[in-house]
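S.K.: Here is a sequence with its predicted model. Questions after.
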Amino acid sequence: SQQGEEDPQALSIQEGENATMNCSYKTSINNLQWYRQNSGRGLVHLILIRSNEREKHSGRLRVTLDTSKKSSSLLITASRAADTASYFCATDENSGYSTLTFGKGTMLLVSP
Amino acid sequence: KAGVTQTPRYLIKTRGQQVTLSCSPISGHRSVSWYQQTPGQGLQFLFEYFSETQRNKGNFPGRFSGRQFSNSRSEMNVSTLELGDSALYLCASSQEGGGYTDTQYFGPGTRLTVL
């Protein structure tokens, strides 16, 4: 079953602009992770934010988590063409196991 | 450290056949999870293994099975293949997976096409 719902489904921007993607989930979680996938290839881990954290940064990435609203956002600043990919949020549904439930993803297109 | 490796990368089978996919986790990682990705259903959890034991299983028919060896390498098997089994199969490893979910590192996937 799908836990997260990303919004928007697709996003098209110019290089240098910022890209914001949102994710909503349904159940309580221990943590939320964001992944990137380039055209049908493996998933690349971007960032993990725990349920007791509100914001986390990694390079040009900024992730926020609002557990009261069961939502998260991923901000990519100063986007580059190489950021073109699909972005997924994944939650652990508080299962205690290494089981991730993924949203359907946001397809980001960054044009030069 | 070397990343998660999956073999083979591409596979073409016909309906009714069976297939075995292999995954080697990052050295030191004991938890291995498998996911199926299709355009229609997205990424769906298949099963997770830790120390050779299946700890969790997704909502897939019994035709999908797996195992983990003492060196943490894992295999998954799909018997009596159906057209709908065509998908990208992803393996992920993490260090412990207990208590709460660690960061999972994914392999490049095996693209299975069933004709």
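M.R.: Yes, it's here. Just so we're clear, the structure is a prediction, and the values are computed from it rather than from any experiment. Numbering: from 1, shown residues only, chains lettered A, B, ... in the order given.

S.K.: Now name the helix or strand holding B:C91.
M.R.: strand B:87-94 (DSSP states H and E).

S.K.: residues contacting the residue nearest the centre of chain B?
M.R.: For chain B, B:W34 is the residue whose C-alpha lies nearest the centre (CA atoms, centre = their mean; 3.0 Å). In this structure, B:W34 makes contact with B:23, B:45-48, B:66, B:74, B:76, B:89-92, judged by CB atoms under 8 Å, 6 or more residues apart in numbering or on different chains. Just so you know, the C-beta spots here come from the backbone N, C-alpha and C atoms, and that holds for glycine as well.

S.K.: three-state assignment of it?
M.R.: strand (DSSP: H, G, I helix; E, B strand; the rest coil).

S.K.: what's across from it in the sheet?
M.R.: Beta-bridge pairing for B:W34 (DSSP bridges): B:F47, B:C91.

S.K.: The strand holding B:C91: which residues count as buried?
M.R.: B:87-94 (16 or more other CB atoms under 10 Å in any protein chain shown).

S.K.: which secondary structure elements does that strand contact?
M.R.: Using 3 or more CB pairs under 8 Å, 6 or more residues apart in numbering or on different chains; DSSP states H and E as the contact criterion, the neighbours of strand B:87-94 among helices and strands are strand B:5-7, strand B:19-24, strand B:31-38, strand B:74-78, strand B:105-106, strand B:110-114.

S.K.: beta partners of A:D7?
M.R.: The partner list for A:D7 in beta bridges (DSSP bridges) reads A:N22.

S.K.: That one: what's it in contact with?
M.R.: By CB under 8 Å, 6+ apart, the contact list for A:D7 reads A:21-24, A:106.

S.K.: if we take the residues you listed, which one ends up nearest to B:T103?
M.R.: Using CB to CB, the shortest approach to B:T103 within the contacts of A:D7 belongs to A:C23, at 17.0 Å.

S.K.: low-scoring pLDDT stretches of chain A, where are they?
M.R.: For chain A, the stretches flagged by pLDDT under 70 are A:1-4, A:94-98.

S.K.: hey, which of the helices and strands packed on strand B:87-94 is tucked in deepest?
M.R.: Ranked by mean neighbour count under mean count of other CB atoms under 10 Å in any protein chain shown, the helices and strands packed on strand B:87-94 are led by strand B:31-38, which reaches a mean of 24.

S.K.: Could you check how many residues crowd around A:N18?
M.R.: Neighbourhood size, A:N18 [other CB atoms under 10 Å in any protein chain shown]: 12.

S.K.: so what's it up against?
M.R.: Neighbouring residues of A:N18 by CB under 8 Å, 6+ apart: A:75-79.

S.K.: In CSV: those, plus secondary structure and neighbour count.
M.R.: Listed next are the contacts of A:N18 as CSV, based on DSSP: H, G, I helix; E, B strand; the rest coil; neighbours: other CB atoms under 10 Å in any protein chain shown:
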residue, secondary structure, neighbour count
A:L75, strand, 14
A:I76, strand, 23
A:T77, coil, 14
A:A78, coil, 11
A:S79, coil, 21
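
S.K.: thinking again about what came up before, now tabulate the contacts of B:W34 in TSV and tack on pLDDT.
M.R.: Putting the contacts of B:W34 into TSV (pLDDT from 0 to 100) gives the following:
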residue	pLDDT
B:C23	98
B:F45	92
B:L46	94
B:F47	91
B:E48	91
B:G66	97
B:S74	98
B:M76	98
B:Y89	97
B:L90	96
B:C91	96
B:A92	94
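
S.K.: Pick out whichever of those sits closest to A:D83.
M.R.: Set against A:D83, the nearest of those by CB to CB is B:L90 (21.0 Å).
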